[in-house]
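Participant: I would like to see how this sequence folds:
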Amino acid sequence: MTPLLTQMPDAAERAALLADDPLWLVLIKTVVILLIGPILTIFLIVWERKAVGRMQNRPGPNRVGPGGYLQSLADAIKLPFKEQIIPDTADRKVYFLAPVISAVPALIALAAIPFGPVVTIFGEPTVLQLVDLPVGVLVILACSSIGVYGLVLAGWSSGSPYPLLGGLRSAAQVISYEIAMGLSIVGVILYAGSMSTSQIVESQQSGWYFYLLLPSFVIYLISMVGETNRAPFDLPEAESELVGGFHTEYSSMKFAMFFLAEYVNMVIVSAFATTLFLGGWKFPFVGADHALNQGWLPLIWFTAKLFILLFGFIWLRGTLPRLRYDQFMRLGWKVLVPVNLVWIVVIVTVRAIKNSGGLSTPQILIGGGALILVVVLLSMLLPDKKVPEEDYVPVTGGGFPVPPLDLQVPEHTPRQKALVKAEARAAKRKPAAVSSGREAGDGDS
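Facilitator: Model prediction:
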């Protein structure tokens, strides 16, 4: 069977190997994929706290274990044993189900990610991937988006207005940035000609998509930060505004499951970005038949790319302040989505021209540069913005008017004046006090 597989195309070879996996090998892959998220979460928590502490010139965890590297294990032991506080107004069934809905889909999304080429495990040739679906891209998007149901249900079932507001923010945020993320993947699908994750990796043999489709890559990076509710886009939590967001009323192990889901989602979107734009498990500048792309070495290259993207999350958290909610939604709907739509039209046009044989790649680049230059020149010819009049009322970033500097504040409000008049009328209606004659006579004597 091995000589037959070597004559097949790579896609057919991978499909045949995955179909021939014995049950014990499928179980091993399943257990490893389910453990990747929690293990990386334990590492990421310590890494993030130490890296952000280094950036902000303060010590990170340094008490538990050598150098503080066992802090995550201490937290993992502490959280299950903390007291569980359930609000009296909570819907208990949904309250318990919401953390599960957030965590479980995040754990299974890595099943469609290709981690490496064909390898041998205990003498059995296989592929470092659990399932290779024709619509693997859609499966990963679906798994990463189901978690928002857990956030919304957590806010609603807590029976408190603050978690409810955090859950509604989560729904608006994830829906907005999932649209931008999905549109950024359209360019990759058009270039690769497939929605299979393994085929997308193979199609990047001639060049990685992060520079061939640079706008799509940048938009995906911004969208994945908003998708995972990470700073500076952590509006669903918004500690400074909503106490703690959707998980305000959660404690103990249920809170830990939300915490786990956040970090596992970071791993998923980073692994997805590696697959879509960074060549997956391939080493740069060498062919697929090179020794660096054979055996277990590609797993190292995939992990290195994954950790570079994960460090980007930490870097953003340690440097950028949180955006206001209106700024955040404006960025998603008025910038990322329109730019994505225009970029998709450009990709389709370029692909159509190249497939028809009308123009070469240098000619297309020269024409695109000339078009950009014309747009820039036209933008410079636009009239200047009108200067507002002197009596114009300035507004803040949120569109709310600011009171003028010469505002005269009355000494009494209309309600206070009405109360004074009412008291005066009541005093007139009250009969006057009359002293008795006996008291007057006693005084004379």
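Participant: hey, where'd the helices end up in the stretch 301-445 of the chain?
Facilitator: Ranges of helices within the stretch 301-445 of the chain are 325-330, 337-356, 361-380, 414-429, 437-444, based on DSSP state H, counting those that start in this stretch.
Participant: Quick one: closest of those to residue 50.
Facilitator: The minimum distance between residue 50 and the helices of the stretch 301-445 of the chain falls on helix 325-330, with 28.1 Å, by C-beta to C-beta. Just so you know, the C-beta spots here come from the backbone N, C-alpha and C atoms, and that holds for glycine as well.
Participant: I'd like to know which elements the closest one is packed against.
Facilitator: helix 161-192 (3 or more C-beta pairs under 8 Å, 6 or more residues apart in numbering; DSSP states H and E).
Participant: Would you mind checking the average pLDDT for the helix it packs on?
Facilitator: What helix 161-192 shows for mean pLDDT is 87.
Participant: which helices and strands sit right next to that helix?
Facilitator: So helix 161-192, by 3+ C-beta pairs under 8 Å, 6+ apart, packs with helix 136-157, helix 197-203, helix 209-212, helix 214-227, helix 239-242, helix 252-277, helix 325-330, helix 337-356.
Participant: could you check the angle helix 161-192 makes with the longest one?
Facilitator: Put plainly, it is helix 252-277. Orientation check (axes from the mean of the first three to the mean of the last three C-alpha atoms, to 10 degrees): helix 252-277 against helix 161-192 gives 20 degrees.
Participant: Let me know the angle separating helix 252-277 from helix 214-227.
Facilitator: 180 degrees.
Participant: Please tell me how far residue 230 sits from residue 236.
Facilitator: Remark: distance between residue 230 and residue 236 (C-beta to C-beta, to the nearest Å) = 10 Å.
Participant: Going by neighbour count, list what's buried in stretch 106-122.
Facilitator: Using 16 or more other C-beta atoms under 10 Å as the test for burial, stretch 106-122 gives 106-119.
Participant: Quick check: the two most widely separated of those?
Facilitator: Farthest pair in the buried residues of stretch 106-122, by C-beta to C-beta: 106 and 118, 27.9 Å.
Participant: next one: the strand or helix carrying residue 126 to chain centre, how far?
Facilitator: Element membership for residue 126 (DSSP states H and E) is strand 124-127. Relative to its parent chain, strand 124-127 has a centroid offset of 34 Å by C-alpha atoms, centre = their mean, to the nearest Å.
Participant: Stretch 316-335 too?
Facilitator: Centroid separation for stretch 316-335 versus its chain: 11 Å, with C-alpha atoms, centre = their mean.
Participant: how about TSV for the helices and strands packed on helix 161-192, with mean pLDDT, mean neighbour count and distance to residue 21 added?
Facilitator: Listed next are the helices and strands packed on helix 161-192 as TSV, based on pLDDT from 0 to 100; neighbours: other C-beta atoms under 10 Å; distance: least, C-beta to C-beta, whole Å:
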stretch	mean pLDDT	mean neighbour count	distance to residue 21
helix 136-157	88	22	17
helix 197-203	91	23	15
helix 209-212	89	16	29
helix 214-227	92	22	30
helix 239-242	58	13	46
helix 252-277	91	23	20
helix 325-330	86	15	44
helix 337-356	86	14	36
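Participant: hang on, residue 83 in a helix?
Facilitator: No: counting by DSSP: H, G, I helix; E, B strand; the rest coil, residue 83 is not found in a helix; it is coil.
Participant: wait, which of the helices of the stretch 301-445 of the chain is closest to residue 203?
Facilitator: Of the helices of the stretch 301-445 of the chain, nearest to residue 203 by C-beta to C-beta is helix 337-356, at 13.3 Å.
Participant: sorry, back to before: which of the buried residues of stretch 106-122 fall in helices?
Facilitator: 106-108 (DSSP state H).
Participant: Can you tell me how far residue 271 is from residue 244?
Facilitator: Relative to residue 244, and taking C-beta to C-beta, residue 271 is found at 29 Å.
Participant: With residue 372 instead?
Facilitator: Distance of residue 372 to residue 244, computed by C-beta to C-beta: 46 Å.
Participant: what about those two, which has more around it?
Facilitator: residue 244 (16 against 10; other C-beta atoms under 10 Å).
Participant: so which helix or strand takes in the spatially closest residue to that one that is not a sequence neighbour?
Facilitator: Once flanking residues are discounted, residue 244 sits nearest to residue 237: 6.4 Å by C-beta to C-beta, 6 or more residues apart in numbering. Counting by DSSP H and E, no helix or strand carries residue 237.
Participant: Residue 230 should be in a helix, yeah?
Facilitator: No: Residue 230 is assigned coil when assessed by three-state DSSP, not a helix.
Participant: mind checking pLDDT for it?
Facilitator: At residue 230, the pLDDT value in this model is 87.
Participant: ok, it touching residue 316?
Facilitator: Yes: Residue 230 is in contact with residue 316 according to C-beta atoms under 8 Å; the separation is 7.0 Å.
Participant: neighbour count winner among those two?
Facilitator: A count of neighbours by other C-beta under 10 Å puts residue 230 above the other of residue 230 and residue 316, at 21 against 15.
Participant: what's the distance between the more buried one and residue 292?
Facilitator: Taking C-beta to C-beta, one finds residue 230 at 32 Å from residue 292.
Participant: thinking again about what came up before, nearest to residue 298, of the helices and strands packed on helix 161-192?
Facilitator: Per C-beta to C-beta, nearest to residue 298 of the helices and strands packed on helix 161-192: helix 197-203, 9.8 Å.
Participant: Point out the other helices and strands that the closest one packs with.
Facilitator: helix 10-19, helix 136-157, helix 161-192, helix 252-277.
Participant: Quick one: closest of the ones you listed to residue 417.
Facilitator: Each of the helices and strands packed on helix 197-203 has some distance to residue 417 by C-beta to C-beta; the shortest is helix 161-192, at 35.4 Å.
Participant: Can you point out the buried residues in the closest one?
Facilitator: Buried, per 16+ other C-beta under 10 Å, within helix 161-192: 162-174, 176-188, 191-192.
Participant: Can you convert the helices and strands packed on helix 197-203 into JSON lines and add a column each for distance to residue 55?
Facilitator: Formatted as JSON lines, these follow (distance: least, C-beta to C-beta, whole Å):
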{"stretch": "helix 10-19", "distance to residue 55": "41"}
{"stretch": "helix 136-157", "distance to residue 55": "28"}
{"stretch": "helix 161-192", "distance to residue 55": "25"}
{"stretch": "helix 252-277", "distance to residue 55": "18"}
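Participant: residues near residue 193, how many?
Facilitator: Using other C-beta under 10 Å, residue 193 has 10 other residues around it.
Participant: Surely it and residue 134 touch.
Facilitator: No: in this structure residue 193 lies outside contact range of residue 134 using C-beta under 8 Å: 11.8 Å.
Participant: which one is residue 320 nearest to, not counting chain neighbours?
Facilitator: Nearest to residue 320 is residue 232, by C-beta to C-beta, 6+ apart, at 4.2 Å.
Participant: follow-up on the earlier one: and of the helices and strands packed on helix 197-203, who's closest to residue 78?
Facilitator: Using C-beta to C-beta, the nearest of the helices and strands packed on helix 197-203 to residue 78 is helix 252-277, at 9.3 Å.
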